[in-house]
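K.L.:
Everything below, folded, please.
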Amino acid sequence: MRHSFARGTAAVVAALAACAALGRTAPAAPSGPPVEIYAILSTTGNNGFFGSSEARALKAVETTVNAAGGINGRPVQFDVLDDQSTPQVTVQLLNGLVAKKIALFLGPTSPAGCFAVLPLIDKNGPLGMCLNPSGHPAPGSYQYALYADTTEVAAAFLRYFREKGITRIAVLDSTDGSGRDGDAAFAWAFRLPENKNLTQVAQEHFNPGDATVAAQLANIKAANAQAIVSYEVGAAFGTVLRSMRDAGMDLPVATSGGNMTPEQMHQYAGFLPTDVLFGGTIAWAPGDIGPGPIHDAQTTYVSALKKNGMVPEAPYVTIWDPALLAVTVLRALGTDADAGKVHAYVDRLHGWVATQGVFDFTGFPQHGVGVNSVLIMRWDKRTQEFVPASKRGGALHN
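P.N.:
From the prediction side, this is the model:
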């Protein structure tokens with residue numbers, strides 16, 4: 001399924017600010033055939049709540065980029081291909097894009113989708129921007145994920161728990177790709193020297209389609225866990241929370257930033273524990289960033305969403321920086337650049353400022369940022385919004 005989000009020009013805060021600073025008028029409206037950038041997103045299926053929001057965010061990116069002159073005078077157009085949250089479909093869509101000899105693409109949305117396409121693009125491209133931190137491509141790969149790696153997010157979570165005095169932690173993950181990645185990331189983080197006083201008291205698993213995890217929670221309760229890590233997204237995470245309510249367990253729960261949508265929290269309102277924590281990014285708390293280029297990038301992001309009748313949500317963050325990086329690359333290299341040139345450009349890129357920080361792909365291969373871009377976020381039931389629970393890297397507020 002294909003959705004086109006081409007839009008006409010519109011004045012946005014970023015473009016106007018840039019023009020004012022340079023003493024110029026607004027850039028001329030882009031013209032000519034659009035520059036198409038493809039995105040493989042999960043706009044339907046199990047991950048549809050997330051992928052459909054990513055697709056909406058591309059509207060705001062288009063408006064922002066085209067208001068600033070597009071790509072070398074031509075309008076940008078993001079073409080969304082729906083993989084239906086099914087890795088087999090993801091691969092089929094990618095094969096179609098490879099046949100078009102594209103240089104780069106955005107996506108996929110899900111960890112399973114990213115794992116599925118990695119072997120196909122790893123060595124020769126096209127360059128793919130996995131839209132979650134669960135991909136672990138080796139340095140030099142054609143796959144990137146513009147967020148701190150899940151191991152870094154796990155390290156931030158454990159720092160947060162450690163500084164809160166929580167030492168007995170259980171892991172409850174599904175047997176799918178997201179769950180396996182969560183298992184591996186936290187296993188790595190538990191081995192860090194600073195976490196020597198933390199204990200993983202239980203490691204339980206369930207099938208994503210299970211209706212309950214009562215048996216697993218009984219084991220966790222018997223192990224006297226003080227907190228639970230469950231790196232599930234969507235319905236599977238809802239099963240964990242509902243089963244906790246049924247078991248009378250009100251422990252802090254650490255989960256993927258993939259669950260950070262107000263819509264999902266509203267659906268789970270009847271069985272949310274007191275403390276639900278998410279691996280977020282500094283883009284979620286622009287008020288915590290002092291004046292400077294990162295703050296300006298975040299202000300542009302928030303303003304652009306507002307122009308399109310939107311407020312910040314996790315899916316918007318996941319695609320905003322990758323989409324703007326794609327635009328940056330094509331502006332620098334030209335729209336006819338092949339995958340090899342695009343790959344070489346991104347591999348050497350450093351000092352590129354975006355909502356999640358100053359990206360340096362020489363220091364943080366394939367990701368551009370590290371643990372210092374991570375914020376632990378929590379859902380505030382009273383205000384019905386996500387708020388920072390930590391400082392950068394998981395440290396507690398003083």
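
K.L.:
which element follows the worst-scoring helix or strand of the chain on mean pLDDT toward the C-terminus?
P.N.:
In the chain, the helix or strand scored least confidently by mean pLDDT, DSSP states H and E is helix 13-22, which has a mean of 36. Going down the chain from helix 13-22, the next helix or strand is strand 35-41, by DSSP states H and E.

K.L.:
on contacts alone, who are the packing partners of that following strand?
P.N.:
On a contact count with 3 or more CB pairs under 8 Å, 6 or more residues apart in numbering; DSSP states H and E, strand 35-41 meets helix 48-67, strand 76-82, helix 87-99, strand 104-106, helix 314-333. C-beta: built from backbone N, CA, C; applies to glycine.

K.L.:
got the ones you listed as TSV, with distance to Ala148, mean pLDDT and mean neighbour count columns?
P.N.:
What follows is the helices and strands packed on strand 35-41, written out as TSV (distance: least, CB to CB, whole Å; pLDDT from 0 to 100; neighbours: other CB atoms under 10 Å):
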stretch	distance to Ala148	mean pLDDT	mean neighbour count
helix 48-67	18	93	24
strand 76-82	25	98	23
helix 87-99	23	97	17
strand 104-106	19	98	26
helix 314-333	12	94	23
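
K.L.:
Tabulate those (CSV), appending distance to Ala116.
P.N.:
Shown next, in CSV, are the helices and strands packed on strand 35-41 (distance: least, CB to CB, whole Å):
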stretch, distance to Ala116
helix 48-67, 15
strand 76-82, 14
helix 87-99, 4
strand 104-106, 14
helix 314-333, 18
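
K.L.:
of the ones you listed, which approaches Asp246 most closely?
P.N.:
Of all these, helix 48-67 sits nearest to Asp246, with 23.2 Å by CB to CB.

K.L.:
what's the offset of that closest one from the middle of its chain?
P.N.:
14 Å (CA atoms, centre = their mean, to the nearest Å).

K.L.:
How about stretch 302-312?
P.N.:
Relative to the centre of its chain, stretch 302-312 is centred 18 Å away, using CA atoms, centre = their mean.

K.L.:
Please export the C-alpha coordinates of it as PDB.
P.N.:
Coordinates of the C-alpha atoms in stretch 302-312 are reproduced here as PDB (Å, rounded to 0.1, in the frame of the first residue of the first chain):
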ATOM      1  CA  VAL A 302       8.000  21.100  17.800                       C
ATOM      2  CA  SER A 303       7.000  24.100  15.800                       C
ATOM      3  CA  ALA A 304       6.700  22.100  12.600                       C
ATOM      4  CA  LEU A 305       4.500  19.600  14.200                       C
ATOM      5  CA  LYS A 306       2.300  22.300  15.600                       C
ATOM      6  CA  LYS A 307       1.900  23.800  12.100                       C
ATOM      7  CA  ASN A 308       0.500  20.500  11.100                       C
ATOM      8  CA  GLY A 309      -1.800  20.200  14.100                       C
ATOM      9  CA  MET A 310       0.400  17.600  15.900                       C
ATOM     10  CA  VAL A 311       2.100  17.400  19.200                       C
ATOM     11  CA  PRO A 312       5.300  15.500  19.900                       C
END
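
K.L.:
show me what contacts Leu146?
P.N.:
Each residue near Leu146 by CB atoms under 8 Å, 6 or more residues apart in numbering is listed here: 129, 321-322, 325, 354, 356, 359, 367-369.

K.L.:
at 6 Å instead, please
P.N.:
321-322, 368 (CB atoms under 6 Å, 6 or more residues apart in numbering).

K.L.:
now do Tyr142
P.N.:
By CB under 6 Å, 6+ apart, Tyr142 lies in contact with 121, 125, 127, 343.

K.L.:
Next: Met260.
P.N.:
So Met260 contacts 278, 314, 386 (CB under 6 Å, 6+ apart).

K.L.:
could you dump the residues you listed to a markdown table with distance to Arg245?
P.N.:
Below are the contacts of Met260 laid out as a markdown table (distance: CB to CB, whole Å):
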| residue | distance to Arg245 |
| --- | --- |
| Phe278 | 19 |
| Ala314 | 23 |
| Phe386 | 21 |
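
K.L.:
Need the pLDDT of Phe271.
P.N.:
As predicted, Phe271 sits at a pLDDT of 95.

K.L.:
Just give the nearest non-adjacent residue to it, would you?
P.N.:
Arg245 (3.8 Å; CB to CB, 6 or more residues apart in numbering).

K.L.:
And for the one you found, the neighbour number?
P.N.:
Arg245 has 14 neighbours, counted by other CB atoms under 10 Å.

K.L.:
Likewise for the one 10 residues further on?
P.N.:
The criterion is other CB under 10 Å. On that basis, Thr255 has 22 neighbouring residues.

K.L.:
cool, Pro291 as well?
P.N.:
Pro291 - counted by other CB under 10 Å - has 7 other residues nearby.

K.L.:
what residues are up against Asn207?
P.N.:
Taking CB under 6 Å, 6+ apart as the test, what Asn207 contacts is Thr175.

K.L.:
what are the phi and psi angles of it?
P.N.:
Here is the backbone geometry of Asn207 (degrees, to the nearest 10): phi -80, psi 140.

K.L.:
What of Thr255?
P.N.:
phi -140, psi 180.

K.L.:
What about the contacts of Tyr142, which are in strands?
P.N.:
Judged by DSSP state E, those include Leu127 as members of strands.

K.L.:
and of the contacts of Tyr142, the nearest to Ala202?
P.N.:
Ile121 (37.2 Å).

K.L.:
ok, now which ones touch Asn195?
P.N.:
Leu158.

K.L.:
ok, back up a step: right, and the residue nearest to Phe271 touches Leu272 too?
P.N.:
No: taking contacts as CB atoms under 6 Å, Arg245 lies outside contact range of Leu272: 8.2 Å.

K.L.:
so where does the residue nearest to Phe271 fall, helix or strand?
P.N.:
helix 235-247.
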